[in-house]
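**Student:** the following comprises the amino acid sequence and a computationally predicted model.
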Amino acid sequence: MRGKTTCPECKHSFTLDLPVRDEKHEIVCPKCKNKFNVKVKCKDDECTWEEHGEPRKTILSKNKAITNKPMIAAILLICVFVLGVTTAIYSESFIETSLDVASGLGLKGNVEIYVTDLENNSLANVTLTIDEVNKDTNAKGIANFRDVELGIHTMEISKEGYSQNQEVLVIPFIKTKIDFELEEDNESEETIEFDTLGCTFIIGIFSVFALLGAIACIKRRNLDLAIAGSIIGIFSFGFFLIGLILSIIAFVLIIKSRDEFRDAKKGKVF
């Protein structure tokens, strides 16, 4: 049993290993060579010792058995990575399908639109329409839509002498924020389509974090990275939101096995 003691003579603290037996051990201080006794006592798998009448707990806790939880979490996060990369490659069709499933589960999204002119001045009283819901920008040029159906929607922007349509992507959990630059005296019936390239890049990054979390689980190192990978992997969506579900399961497994990671906090401080 490894523990820490303090010499009653010179107050020097040092660490030592003692056999786990209910008996006294004579200790010699390495600094002043003073001799004193320490008694080891064990009860219910927890070992303590008594030194000068004061009970002290050991520095290191009892080692826990190694489980398969980190490896299972790693396999799940690798699946999240593969699903996320696939979603990123075929982003538009997979995103729409996944968001349709999420909508069926009752999830909604929020959208914030910020409208400025070509000189970056905020524009008030600009009418925005999403799914037949109208909102006017406030004095700061901002309009908020809450509880919007998930998916790609066509937003209508209108002001006197101006009309434009633009597609916006609404996702769960994260508010969609769009900065829109209004050009005066411009009326167009064309719709600006949603650019999936940026979405592809973001989903790809999220998927890479899931892979890094899987590597951390395999090595049983970097607990923080493993946890971050499982959380960020949630936002990689994955086919039919399977990636989201697998990431949540992986997160639970990592938390339950956190003591098995070599950089996790172990032992007891006294």
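**Tutor:** That came in fine, so what should we check first? Numbering: from 1, shown residues only.

**Student:** not including adjacent chain positions, what is the nearest residue to Ile174?
**Tutor:** In this structure, Ile174 finds its nearest non-sequential neighbour in Phe235, 7.2 Å apart by C-beta to C-beta, 6 or more residues apart in numbering. All C-beta atoms are positioned from the backbone trio N, CA, C, and that covers glycine.

**Student:** quick one, phi psi at the one you found?
**Tutor:** Dihedral pair for Phe235: phi -90, psi 10, per degrees, to the nearest 10.

**Student:** verify the stated contact: Leu211 with Ile75.
**Tutor:** No - counting by C-beta atoms under 8 Å, Leu211 does not reach Ile75; the two are 12.0 Å apart.

**Student:** which one of the two is surrounded by more residues?
**Tutor:** Leu211 (19 against 16; other C-beta atoms under 10 Å).

**Student:** circling back to that earlier point, can you give me the pLDDT of the residue nearest to Ile174?
**Tutor:** pLDDT recorded at Phe235 is 78.

**Student:** ok, it - contacts?
**Tutor:** Applying C-beta atoms under 8 Å, 6 or more residues apart in numbering to Phe235 gives the contacts Phe173, Ile174, Phe206, Leu244.

**Student:** wait, a helix at the second one?
**Tutor:** No - the secondary structure assignment for Ile174 gives coil rather than a helix, going by DSSP: H, G, I helix; E, B strand; the rest coil.

**Student:** gap between it and Asn110?
**Tutor:** Separation of Ile174 from Asn110 (C-beta to C-beta, to the nearest Å): 9 Å.

**Student:** more crowded one of the two?
**Tutor:** The residue with more neighbours, out of Ile174 and Asn110, is Asn110; 17 against 10, by other C-beta under 10 Å.

**Student:** that one against Ala143, yeah?
**Tutor:** No - the pair Asn110 and Ala143 fails to qualify as a contact (C-beta under 8 Å) at a distance of 11.6 Å.

**Student:** which stretches of the stretch 101-250 of the chain form helices?
**Tutor:** 196-219, 223-233, 242-256 (DSSP state H, counting those that start in this stretch).

**Student:** adding distance to Ile152, write these out as TSV.
**Tutor:** Listed next are the helices of the stretch 101-250 of the chain as TSV, based on distance: least, C-beta to C-beta, whole Å:
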stretch	distance to Ile152
helix 196-219	9
helix 223-233	23
helix 242-256	19
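
**Student:** out of those helices, which one sits most buried?
**Tutor:** Among the helices of the stretch 101-250 of the chain, helix 223-233 has the highest mean neighbour count (mean count of other C-beta atoms under 10 Å), at a mean of 23.

**Student:** give me the helices and strands touching that one, please.
**Tutor:** helix 69-89, helix 196-219, helix 242-256 (3 or more C-beta pairs under 8 Å, 6 or more residues apart in numbering; DSSP states H and E).
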